[in-house]
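Visitor: Sequence isn't available, so here's the structure alone:
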């Protein structure tokens, strides 16, 4: 075969491949829309579960039946679930601000345990929640810096 013949075969083959892809495009678009709808539904379910986990872990911590770490993790997972569903960039600042508030409240609660009789581990708990609150504040400030022109 000459170079022209190889080129002609390549062009014909490419035409067939492109035509096949174009015929499959509507099916792929439908499939993509279905996948996106399924993803959004799963994200909503995850958010509902994260909200429940946050409220239950906070209540359990207040009762003294769980340690601090699951409460911090629940607050962080709730913020992550909310961020995954955000529509407007301004919502990110609101979500991160709420995370900072939750962790500040928890930090104040843990700080009060330092004032009374201690069972052990209170100082570690205080610095753990303080570290996580400071990390959340850093994330919030970075988001504000990225949002401003």
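Guide: Great, that's in hand. No experiment lies behind these values; they were computed from the predicted model shown.
Visitor: number of nearby residues for residue 47?
Guide: Residue 47 is flanked by 18 other residues according to other CB atoms under 10 Å. Just so you know, the C-beta spots here come from the backbone N, C-alpha and C atoms, and that holds for glycine as well.
Visitor: Next up, the contacts around it.
Guide: 78, 81, 82, 84, 85 (CB atoms under 8 Å, 6 or more residues apart in numbering).
Visitor: could you redo the last one with a cut-off of 7 Å?
Guide: When contacts are counted by CB atoms under 7 Å, 6 or more residues apart in numbering, residue 47 touches 81, 82, 85.
Visitor: which stretch of helix or strand covers the second one?
Guide: Same thing as residue 82. Residue 82 belongs to helix 68-84 when assigned by DSSP states H and E.
Visitor: Now do the buried residues in that helix.
Guide: Buried residues in helix 68-84, counting neighbours by 16 or more other CB atoms under 10 Å, are found at 68, 71, 72, 74, 75, 76, 77, 78, 79, 81, 82, 83.
Visitor: Just the residues contacting that helix, thanks.
Guide: Counting by CB under 7 Å, 6+ apart, 43, 46-47, 50-51, 53-54, 57-58, 61, 92, 95-96, 99, 102-103, 106, 110, 125, 128-129, 132 sit against helix 68-84.
Visitor: Where does the prediction get shaky in the chain?
Guide: Within the chain, the stretches with pLDDT under 70 are 1-29.
Visitor: mind listing what's buried in stretch 130-138?
Guide: In stretch 130-138, counting by 16+ other CB under 10 Å, buried: 130, 132, 133, 136, 137.
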